[in-house]
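# need a 3D model of the sequence below.
(one chain, ligands or ions: 1)
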Amino acid sequence: MPAALIADGVRREYGDTVALDGVSLSIDAGEVFALVGPNGAGKTTLVRALTGTTDVDGDVSVFGEPPTEVARARLGVLPQDFSPADRLTARELITYYAGLYDDPRDVETVLDEMGLADTADTRYGNLSGGQQRRTCVGATLVNDPDLLVLDEPTTGIDPAGRRALWELLEGLAAGGTTILLTTHYMAEAERLADRVGLLADGQVAAVGTPGELVGEYGGETRLEIETDAEPAALASTDHRVDSRGGLLVVEDVSATDISAVVAELDRNGVAYGELAWRQPDLEDVYLAVTGQAVGGGGDPVEEPARDPETGVAR
Ligand SMILES: Nc1ncnc2c1ncn2[C@@H]1O[C@H](COP(=O)(O)OP(=O)(O)OP(=O)(O)O)[C@@H](O)[C@H]1O
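Now for the predicted structure:
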């Protein structure tokens, strides 16, 4: 498959800070690629490098050309801090952005696809966080781009809004749009991406499908037991047992082994609270590969519902 996007040895410094330290990666046409990393890893700088809005050392090409020379209509870019005028409605905003292109998509169709048909006449400032972000994505789609680049598209929006946006992106990907997104939500990368790139301290630490990365670096399934007991409490088990912050962690436990471990706890009179069985995921991979936690882990904050007229939280 031809490459939609190639970075080769990309480096960017800001004074003494090395934001990108020799990044090389290639994204195929039609692929959904998630760039994952915690705050400060270099995600935004890489997005800016790949879309030609900051100068870098090294080579970048988009559809075989330098990013600044690619036909504007082929690219859709949603910056992390994109913040349109609060006083314009979703329909007015999409119409405005459509006016920047020679052959834009039909505004009503875009509103419909974004799930904004019913709120099209609500001012941007009075939309929920999820609706606002979908409006922004709509603005980046009016030109029917071949490559969509989204910098942290779901940061700060509520779980329902995030799921709606995921479905939207899945639909676009199914239609053949190449998507590069950055995120610090591992579940987002796991669900959406064909391949994931782990970015840490300005370097790509690993690239692969979620399954490949978890298989190679994720470690074993494990049982986490909430207890103050020491590993010796499970001395007769065949599994490795570690003590970690109020938990006993029993490694490589299959689902069917759980009852044997619990029986041993009971036999030894060990007091315990919750039991959680975990399969390794991308969080574990990131920690294993970089030695750092991504930290964006769980669900984004729940946003209060707002009054559509006043914008006041209810
Ligand atoms: N314009 C700038 N001037 C100075 N330093 C910068 C600038 N932009 C980024 N940096 C630094 O470069 C590093 C990478 O920042 P970048 O914004 O690319 O990371 P990020 O992974 O996108 O983080 P976040 O998730 O917080 O947006 C950080 O140390 C940041 O402070």
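
# near the ligand, which residues of this protein are found?
Proximity of the chain to the ligand (C-beta under 6 Å from any ligand atom) is limited to residues 14, 17, 19, 37, 39-45, 80. Heads up, the C-betas are built off the backbone N, CA and C, glycines and all.

# next, format those residues as JSON lines and append distance to residue 90.
Below are the residues of the chain next to the ligand laid out as JSON lines (distance: C-beta to C-beta, whole Å):
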{"residue": "14", "distance to residue 90": "35"}
{"residue": "17", "distance to residue 90": "37"}
{"residue": "19", "distance to residue 90": "34"}
{"residue": "37", "distance to residue 90": "31"}
{"residue": "39", "distance to residue 90": "29"}
{"residue": "40", "distance to residue 90": "32"}
{"residue": "41", "distance to residue 90": "32"}
{"residue": "42", "distance to residue 90": "32"}
{"residue": "43", "distance to residue 90": "27"}
{"residue": "44", "distance to residue 90": "25"}
{"residue": "45", "distance to residue 90": "30"}
{"residue": "80", "distance to residue 90": "20"}
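
# columns neighbour count, pLDDT and distance to residue 102 on top of these, output as CSV?
Compiled in CSV, the residues of the chain next to the ligand are given as follows (neighbours: other C-beta atoms under 10 Å; pLDDT from 0 to 100; distance: C-beta to C-beta, whole Å):
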residue, neighbour count, pLDDT, distance to residue 102
14, 9, 94, 36
17, 11, 94, 40
19, 22, 96, 35
37, 27, 91, 37
39, 11, 88, 38
40, 13, 90, 39
41, 25, 93, 37
42, 25, 94, 35
43, 25, 93, 32
44, 19, 94, 29
45, 22, 95, 31
80, 14, 89, 28
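
# of the residues you listed, which belong to strands?
14, 17, 19 (DSSP state E).

# of these, which is the nearest to residue 218?
residue 19 (28.0 Å; C-beta to C-beta).

# what about the residues of the chain next to the ligand, which are in helices?
43-45 (DSSP state H).

# can you put those residues in a markdown table and add distance to residue 67?
A markdown table is the format used below for those (distance: C-beta to C-beta, whole Å):
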| residue | distance to residue 67 |
| --- | --- |
| 43 | 16 |
| 44 | 15 |
| 45 | 14 |
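
# pull the most distant pair out of the residues of the chain next to the ligand.
Spanning the widest gap among the residues of the chain next to the ligand are 17 and 80, at 17.9 Å by C-beta to C-beta.

# how is this structure partitioned into domains?
Domain segmentation of the chain under automatic domain parsing yields 3-216, 221-279.

# most tightly packed of the ones you listed?
domain 3-216 (a mean of 19; mean count of other C-beta atoms under 10 Å).

# for the record, mean pLDDT for stretch 154-162?
The average pLDDT for stretch 154-162 rounds to 83.

# one more: stretch 57-69?
Stretch 57-69 comes out at a mean pLDDT of 94.

# tell me the centre residue of this structure?
Residue closest to the mean C-alpha point of the chain, counted by C-alpha atoms, centre = their mean, is residue 183 at 2.8 Å.

# low pLDDT regions in the protein?
Flagging of the chain using pLDDT under 70 yields the residue ranges 1, 295-314.

# mind redoing it with 80?
Along the chain, segments meeting pLDDT under 80 span 1-2, 156, 294-314.

# OK, contacts around the spatially closest residue to residue 91 that is not a sequence neighbour?
Spatial nearest neighbour of residue 91, excluding adjacent residues (C-beta to C-beta, 6 or more residues apart in numbering): residue 120 at 4.1 Å. With C-beta atoms under 8 Å, 6 or more residues apart in numbering as the criterion, the residues that contact residue 120 are 89-91, 111.
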